[in-house]
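> quick one: sequence plus predicted model below, questions after.
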Amino acid sequence: MFMRILTNLLAQGKYVAENVTDNLAELEELEKMAKPGVLKGYLEDMVPGLVDFAVRVVIALLIYFIGKRIIKWMRKILRRTLERANVDEGVKQFLDSFAKIILYLILTIAVVNQLGVETASVVAVLGSAGLTLGLALQGSLSNFAGGVLILLFKPFKVGDYIREDTHGNEGVVSEIMIFYTKLMTADNKTVVIPNGTLANSSLTNVTQQERRRIDLYVGISYEADVRKAKELLMDMLLAEKSRCQEEEILVFVEALEDSSVKLGCRVWVAAEDYWKAKWRLTEQIKEIFDANQIEIPYHQLTVSLKKNE
């Protein structure tokens, strides 16, 4: 029994001695680090790295700001070159947007490289992420391809009035960008349509041709003089100041409907005069027919009441 107690005491004493030795070693190490010479040396070792990093940051900022000015200057030269070559406005906008993205990508790589990240590593990361980015940006890539097709085949250009048949959007093309096309509506709203939609669906270019035909239809009563009505319409069209003189004018009976004789007339005008001429002629038809007692029938509902005898 006494031997067991003595053994335990010796073991505990050994453990305590080891802990004391370890603690003394740690204290000695802390004391060395706390000495002014050691701390000063440690800081002196860090200073070159901090100075080098600060210099890299300053140079990177200089590269960024100078690069922005160079990019702006290069884009200005590109636009002037395209203007001298009489390139279409949509092509100029598209190439300017594309050049802007590419140049800023190059500038970003140069800045990152100056900060100490190797360009090869950046390219490797972009390459490994290419598939993921491609899957995530399928819609954007489709819109980019659509923009290229629009510029190649030119179904419309900046300044044209188009009508997108799928969703019914229409307006004047104000800008063709890399991924989207902007339309300005008649009531001054901006409509942004993906290029992929415009390239893969039907659309109507209203102003691509220099001339447009106005088709007007009006019904007259069966009691009215059809020949006189046609003569009045013909005189009205001949007097129209916006009509194309060399184009044929037509006045005809379109259909015999349930309650009216439907007359039609066609005249060609310049594309920019289409709406004004159409509104003016529509108003004149009403005035001329009223002045010559030609009735324009309208839908009526007759209600008969029977009295019980």
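Here it is on my side, so go on.

> residue contacts, the residue sitting nearest the centre point of the chain?
When CA atoms, centre = their mean is applied to the chain, the residue found nearest the centroid is Tyr180 (2.8 Å). Residues near Tyr180 by CB atoms under 8 Å, 6 or more residues apart in numbering: Asn143, Val192, Ile193, Pro194, Asn195. C-beta: built from backbone N, CA, C; applies to glycine.

> where's Phe147 relative to Glu170, distance?
Careful, residue 147 is Gly and not Phe. To Glu170, Gly147 is 19 Å away according to CB to CB, to the nearest Å.

> and these two? Which one has more around it.
Regarding Gly147 and Glu170, a neighbour count based on other CB atoms under 10 Å identifies Gly147 as having more, with 26 against 17.

> what about that one, distance to Asn113?
From Gly147 over to Asn113 (counting by CB to CB), the distance is 31 Å.

> so where do the helices sit in the stretch 151-300 of the chain?
Here the stretch 151-300 of the chain has its helices, by DSSP state H, counting those that start in this stretch, at 195-200, 226-238, 274-291.

> just how off-centre is the shortest one within its chain?
Per CA atoms, centre = their mean, to the nearest Å, the displacement of helix 195-200 from the mean C-alpha position of its chain is 12 Å.

> ok, the nearest residue to Arg211 once chain neighbours are set aside - contacts?
Nearest residue to Arg211, sequence neighbours excluded (CB to CB, 6 or more residues apart in numbering): Trp268, at 5.3 Å. Taking CB under 8 Å, 6+ apart, we find Trp268 in contact with Arg211, Arg212, Arg213, Ile214, Arg243, Cys244, Glu247, Glu248.

> how about Phe94?
So Phe94 contacts Gly147, Leu151, Ile176, Met177, Ile178 (CB under 8 Å, 6+ apart).

> what pLDDT is listed against the last one?
On the pLDDT scale, Ile178 is placed at 81.

> gap between the residue lying closest to Thr181 once chain neighbours are set aside and Leu152?
The spatially closest residue to Thr181, leaving aside those adjacent along the chain, is Ile193, at 5.3 Å (CB to CB, 6+ apart). Per CB to CB, Ile193 is found 18 Å from Leu152.

> next one: Asp160
To Leu152, Asp160 is 16 Å away according to CB to CB.

> same drill for these two, tell me which one is more crowded.
Between Asp160 and Leu152, counting by other CB under 10 Å, Asp160 is the more crowded of the two (17 against 10).

> contact partners for the more buried one?
So Asp160 contacts Val172, Val173, Asn205, Val206, Thr207, Gln208 (CB under 8 Å, 6+ apart).

> just send those residues back as a markdown table, with pLDDT and distance to Asp52 too.
Formatted as a markdown table, the contacts of Asp160 follow (pLDDT from 0 to 100; distance: CB to CB, whole Å):
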| residue | pLDDT | distance to Asp52 |
| --- | --- | --- |
| Val172 | 91 | 56 |
| Val173 | 91 | 53 |
| Asn205 | 90 | 60 |
| Val206 | 86 | 64 |
| Thr207 | 83 | 62 |
| Gln208 | 83 | 62 |
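
> tell me the most packed of those residues, by neighbour count.
Using other CB under 10 Å as the neighbour criterion, Val173 leads these with 23 neighbours.

> what about the residue nearest to Thr282 when sequence neighbours are not counted, how many residues nearby?
Taking CB to CB, 6+ apart, and ignoring the residues beside it in sequence, Thr282 has Leu216 as its nearest neighbour in space, at 6.4 Å. The number of residues packed near Leu216 is 18, by other CB under 10 Å.
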